[in-house]
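J.: the following block contains a protein sequence and its predicted model.
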Amino acid sequence: MPVKIFLDMPAEFSLGALPTWVLVDLAGYVVAGLVLLLGSLATLFRATAGAVLLGLGALLALGALLTEPMSVGVPPARFVDAMFTRGGFAMVDRVGLAALAVLVLVLAFLPPTFRYLRYRTSVLPVLSYSSRSW
């Protein structure tokens, strides 16, 4: 919804002309995306902070999704009703975001995830060959 409001804006208006809640919602989505990206990169390098960042990013995405009715200025129940009765891409987008955010949140904080991130492989000793052994 905030992106649609941003794209439908006439050319003579700027980003500062948007309502405060729309800017908050846009910022929430952008920050959530950046935190999720950092978390996924940190998880690739087996950093425990990556799982924490993924969980935080999922919570930020859910928070941005929940503040969306305020950006439009309607009660949340009416907003959800409008999303699910009209269907289309807006409904699929919201349901997909909510499902994936919950999935990332659950998977990030599972104990096997932290066990995987804490596991360090043993370093093999360097073998030294002396010239006398030949």
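T.: Right, received. Where do you want to start? Numbering: from 1, shown residues only.

J.: let me see the ranges of the helices in the protein.
T.: Assigned by DSSP state H, the helices in the chain fall at 2-7, 20-44, 48-72, 76-86, 88-108, 111-118.

J.: check which helices and strands the last one sits against.
T.: Which is helix 111-118. Using 3 or more CB pairs under 8 Å, 6 or more residues apart in numbering; DSSP states H and E, the elements in contact with helix 111-118 are helix 48-72. Placement of C-beta: from N, CA and C, glycine included.

J.: buried sites along the helix it packs on?
T.: Within helix 48-72, the residues that count as buried by 16 or more other CB atoms under 10 Å are 50-65, 67-72.

J.: hang on, the earlier thing: so which of the helices of the chain is the most surrounded?
T.: helix 48-72 (a mean of 19; mean count of other CB atoms under 10 Å).

J.: ok and that one relative to helix 111-118, angle-wise?
T.: In terms of direction (axes from the mean of the first three to the mean of the last three CA atoms, to 10 degrees), helix 48-72 departs from helix 111-118 by 130 degrees.

J.: ok so, going back, to Ser14, which of the helices of the chain lies closest?
T.: When the helices of the chain are compared by CB to CB, helix 2-7 sits nearest Ser14, at 10.6 Å.

J.: could you give the mean pLDDT of that closest one?
T.: Here helix 2-7 scores 62 as its mean pLDDT.

J.: so Gly50 sits against Val35, correct?
T.: No: with contact defined as CB atoms under 8 Å, Gly50 does not count as touching Val35 (10.7 Å).

J.: how about low-confidence regions in the chain?
T.: Per-residue confidence for the chain (pLDDT under 70) gives these ranges: 1-12, 120-134.

J.: 50 - rerun?
T.: Judged against pLDDT under 50, the chain has no low-scoring part.

J.: now Met83: closest residue in space that isn't a chain neighbour?
T.: In space, and not counting its chain neighbours, Met83 is closest to Met91: 5.1 Å by CB to CB, 6 or more residues apart in numbering.

J.: fine, thanks again, bye for now.
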